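1. generate coordinates for the sequence data below:
(one chain, ligands or ions: 1)
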Amino acid sequence: MRKKIVAGNWKMNKTLDEALALTSEVVNMIQDEVRGDVEVVLCTPALYLTTLKKYVENAPKIALGAQNCHEKASGAYTGEISAPMLKAAGIPYVIIGHSERRQYFAESNAQLAAKVDSALENGLTPIFCCGESLEQRQNEDYVNVVKTQLTESLFHLSADQLASVVIAYEPIWAIGTGLTASSEQAQEMHAALRAHLSSKYGSEVADGISILYGGSVGAGNAAELFACPDVDGGLVGGASLKSRDFTDIVKARQ
Ligand code: PGA
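-> Model prediction:
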């Protein structure tokens, strides 16, 4: 059985007070309303993670994640945080390779491979993001583009290491645009990625990897997306900033 996961990616949003309020609301709503077996991950700005830990420590379904980490353990990299720092702070998840990091910070597949390594060496669960641009989708080569992202950033891992990775497929044209991939489009890509993993690691390993969908997931479309057999959950941006919407998305996955 694959893990069902709904992760919220807050991006660069919320002041500390707002973050505390949102976390309290989400913790209470999830505890009151969610009975099923689903892991909820709140990927907040790194500044808040240690403060938010005490808000989620009695909420067994809820874990915290960072939105990025550096590939080096320490050193002269002003402004960065490392995987050992996240480990020491007790933060279990980290998003690696979000399309905004790839686009605005020029993160390459090779650099992301090093970040995945650092996360795994420190016992963190990477939520590895992949996805094609609108132009790539229109060129009809989109499946190969995303398969190559997996090949270049993950295929150096052992099967045991890969088993600790969560993948998030996020078509760039669907992020923050209100355009969602249809459930057919999501299922097509998720099945193709799972087959790609299977070609290298075998079907038993591939069948155990959680593949999340991201890109304008909302309370209104989550159930349909999560009904796809290869969609194991969601990575949610905008809608994770509203406790009611986010909880409804989690309920759609339970
Ligand atoms: P969105 O963002 O849900 O606002 O489209 C998703 C993401 O970037 O992870």
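
2. C-alpha from now on. contacts and neighbour counts both.
-> Will do.

3. now for the helix or strand hosting residue 153, which elements pack on it?
-> If you go by DSSP states H and E, residue 153 is part of helix 142-154. Contacts defined by 3 or more C-alpha pairs under 8 Å, 6 or more residues apart in numbering; DSSP states H and E place helix 142-154 against helix 109-121, strand 125-130, helix 183-201.

4. so for that helix, mean pLDDT?
-> Summarised as a single mean, pLDDT over helix 142-154 is 98.

5. how far off centre is the very next helix or strand once past that helix?
-> Moving toward the C-terminus from helix 142-154, the next helix or strand (DSSP H and E) is helix 159-162. The chain centre lies 18 Å from the centre of helix 159-162; the measure is C-alpha atoms, centre = their mean, to the nearest Å.

6. helix 159-162: which residues count as buried?
-> Buried residues in helix 159-162, counted by 16 or more other C-alpha atoms under 10 Å: residue 162.

7. go on, stretch 104-121?
-> Under 16+ other C-alpha under 10 Å, the buried positions of stretch 104-121 are 107, 109, 111, 112, 113, 114, 115, 116, 117, 118, 119, 120.

8. wait, which of the residues you listed is closest to residue 175?
-> Checking these against residue 175 by C-alpha to C-alpha gives residue 107 as the nearest, at 17.7 Å.

9. does that closest one lie in a helix or a strand, and which?
-> Going by DSSP H and E, residue 107 is not in any helix or strand.

10. dump stretch 107-122 to PDB, keeping only the CA atoms.
-> The C-alpha coordinates for stretch 107-122 follow below in PDB (Å, rounded to 0.1, in the frame of the first residue of the first chain):
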ATOM      1  CA  GLU A 107      18.600  24.600 -10.300                       C
ATOM      2  CA  SER A 108      19.700  21.900 -12.700                       C
ATOM      3  CA  ASN A 109      18.900  18.200 -12.700                       C
ATOM      4  CA  ALA A 110      22.500  17.400 -11.600                       C
ATOM      5  CA  GLN A 111      22.300  19.900  -8.700                       C
ATOM      6  CA  LEU A 112      19.000  18.400  -7.700                       C
ATOM      7  CA  ALA A 113      20.500  14.900  -7.700                       C
ATOM      8  CA  ALA A 114      23.000  16.300  -5.100                       C
ATOM      9  CA  LYS A 115      20.300  17.800  -3.000                       C
ATOM     10  CA  VAL A 116      18.300  14.500  -3.000                       C
ATOM     11  CA  ASP A 117      21.500  12.800  -1.900                       C
ATOM     12  CA  SER A 118      22.100  15.200   0.900                       C
ATOM     13  CA  ALA A 119      18.400  14.900   2.100                       C
ATOM     14  CA  LEU A 120      18.600  11.100   2.100                       C
ATOM     15  CA  GLU A 121      22.000  11.000   3.800                       C
ATOM     16  CA  ASN A 122      20.300  13.000   6.600                       C
END
